[in-house]
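A.B. asks: Predicted model follows, preceded by the sequence.
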There are 2 protein chains.
Amino acid sequence: MGKHDHHEHHGESLADAARANLEKSGEKWTETRAAIFEALSGFSRPASAYDIAELVSAARGKRVAPNSVYRILDLFVAKNLAMRVESANAYIANSHPGCEHDCIFLVCDTCGEATHVDDDPVSQQVRNVALEQGFNSIRPVIEVRGVCQKCS
Amino acid sequence: MGKHDHHEHHGESLADAARANLEKSGEKWTETRAAIFEALSGFSRPASAYDIAELVSAARGKRVAPNSVYRILDLFVAKNLAMRVESANAYIANSHPGCEHDCIFLVCDTCGEATHVDDDPVSQQVRNVALEQGFNSIRPVIEVRGVCQKCS
DNA sequence: ACACAAATGATATGTTGTATCTTAACACCT
DNA sequence: AGGTGTTAAGATACAACATATCATTTGTGT
């Protein structure tokens, strides 16, 4: 199971950890970023930029445009506060920012939930496949579509 | 390297193999399907449905709508004549239809080319990660973004 | 207060993907 | 040949995802 220990954060604590990580790299934890992070981490499923824009707009009574959301999500992904699920065109909050892993997403085609697994031996092997072909600047995308236990 | 032998097809031979595989499963090899397969296999990079629609429309002097292309690509993917590269929202022809593998795509962020690798031990391990979590109907999506040897 | 840089907003547009309904092609039967 | 049912493809509209450009606001240092 867990190949190592993490601080799994939730709610306030997660936002605090995200904030700490972002500020550590010289970026600011602004109101908009906080609102977007809160929205993102509130979803139980990968959320699209438009989902987040809608939720944040409602919560603040003030429209937030999708491009602003994309900007901030890109920042979050760059700083490892969030990850993009490529096969779903959507994003999820990183529940243990600060740990760097190639992650594996298991995405349920029925309920849409995504669980995030770190398995460094497996991801390392995927990296190796690319290394053998002479690839550089490698970023693995490892996702599994299927039907989760609850939905089976 | 190659974990086993394949018949790697090209050009006519590839289209013939694709046709044979499609017909084997009771589907028809129509003109439109042939044209779309030809267009797809002519690209040196993953092609979007719109790329294909444009090329086929030009080649036949008659518009082919994107939804028709999507329909046929979906069929090709279902019958293993083509694969979808999730991280690129695009498709590539399967150069050895008839062999069933979970495939691994190495996608160059510079030139856009994608190489297709079969490494059953690695993909099996990815499957196992999902199996351990109780997943069913598993379809791995294993892709690596990076910079290929030529572009480095 | 001023000047500068960073963050966000507004707007438009480009790209990818589906839904719905209609028409055309084809096989099969009598 | 003509009728009927099925599969394939076309037309159209729209939904969902993503980016480009320029304007405005906010924060920071002087």
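C.D. replies: Arrived safely, thanks for sending.

A.B. asks: could you say what helices and strands the top strand by length along chain A packs with?
C.D. replies: In chain A, ranked by residue count with DSSP state E as the criterion, the top strand is strand A:136-147. Using 3 or more C-beta pairs under 8 Å, 6 or more residues apart in numbering or on different chains; DSSP states H and E, the elements in contact with strand A:136-147 are strand A:103-108, helix A:120-132, helix B:120-132, strand B:136-147. In this view, the C-beta of every residue, glycine as well, is placed from N, C-alpha and C.

A.B. asks: Quick one: mean pLDDT over it.
C.D. replies: Taken as a whole, strand A:136-147 has a mean pLDDT of 98.

A.B. asks: Just checking it against DNA strand C, any contact.
C.D. replies: No - if you take C-beta under 7 Å from any atom of the strand as the test, strand A:136-147 misses DNA strand C, and the best it gets is 12.6 Å.

A.B. asks: How about residues contacting that strand?
C.D. replies: The contact list for strand A:136-147 (C-beta atoms under 8 Å, 6 or more residues apart in numbering or on different chains) reads A:85-87, A:102-110, A:122-123, A:126-127, A:130-131, B:86-87, B:109, B:126-127, B:129-130, B:135-147, B:152.

A.B. asks: quick check: angle from it to strand B:136-147?
C.D. replies: Orientation check (axes from the mean of the first three to the mean of the last three C-alpha atoms, to 10 degrees): strand A:136-147 against strand B:136-147 gives 160 degrees.

A.B. asks: tell me which residues of strand A:136-147 are tucked away?
C.D. replies: A:138, A:140-147 (16 or more other C-beta atoms under 10 Å in any protein chain shown).

A.B. asks: what's the neighbour count on the closest residue to A:Q149 other than its chain neighbours?
C.D. replies: Using C-beta to C-beta, 6 or more residues apart in numbering or on different chains and skipping the chain neighbours, the partner closest in space to A:Q149 is B:G134 (3.0 Å). Counted with other C-beta atoms under 10 Å in any protein chain shown, residues neighbouring B:G134 total 14.

A.B. asks: A:A34 now?
C.D. replies: A:A34 is flanked by 14 other residues according to other C-beta under 10 Å.

A.B. asks: Would you map the strands across chain A?
C.D. replies: With DSSP E as the criterion, chain A has strands at A:82-85, A:90-93, A:103-108, A:114-118, A:136-147.

A.B. asks: Please convert the ones you listed to JSON lines, extending it with distance to A:A59.
C.D. replies: JSON lines is the format used below for the strands of chain A (distance: least, C-beta to C-beta, whole Å):
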{"stretch": "strand A:82-85", "distance to A:A59": "18"}
{"stretch": "strand A:90-93", "distance to A:A59": "16"}
{"stretch": "strand A:103-108", "distance to A:A59": "26"}
{"stretch": "strand A:114-118", "distance to A:A59": "23"}
{"stretch": "strand A:136-147", "distance to A:A59": "29"}
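
A.B. asks: of all the ones you listed, which lies closest to A:S13?
C.D. replies: Closest to A:S13 of the strands of chain A, according to C-beta to C-beta: strand A:90-93, at 12.2 Å.

A.B. asks: thinking again about what came up before, out of the helices and strands packed on strand A:136-147, which is the most enclosed?
C.D. replies: Stretch with highest mean neighbour count among the helices and strands packed on strand A:136-147: strand A:103-108 (a mean of 23; mean count of other C-beta atoms under 10 Å in any protein chain shown).

A.B. asks: do it and DNA strand D meet?
C.D. replies: No - among the residues of strand A:103-108, none lie within reach of DNA strand D under C-beta under 7 Å from any atom of the strand; the closest is 13.0 Å away.

A.B. asks: Any stretches of chain A with poor pLDDT?
C.D. replies: In the predicted model, chain A carries pLDDT under 70 at residues A:1-7, A:11.

A.B. asks: Show me how the record splits it into domains.
C.D. replies: A:11-93, A:103-146 (automatic domain parsing).

A.B. asks: how long is the last one from one end to the other?
C.D. replies: In other words, domain A:103-146. For domain A:103-146, the first-to-last residue distance is 17 Å (C-alpha to C-alpha, to the nearest Å).

A.B. asks: Centre of the chain to that domain, how far?
C.D. replies: Domain A:103-146 has its C-alpha centroid displaced from the chain centroid by 13 Å (C-alpha atoms, centre = their mean, to the nearest Å).
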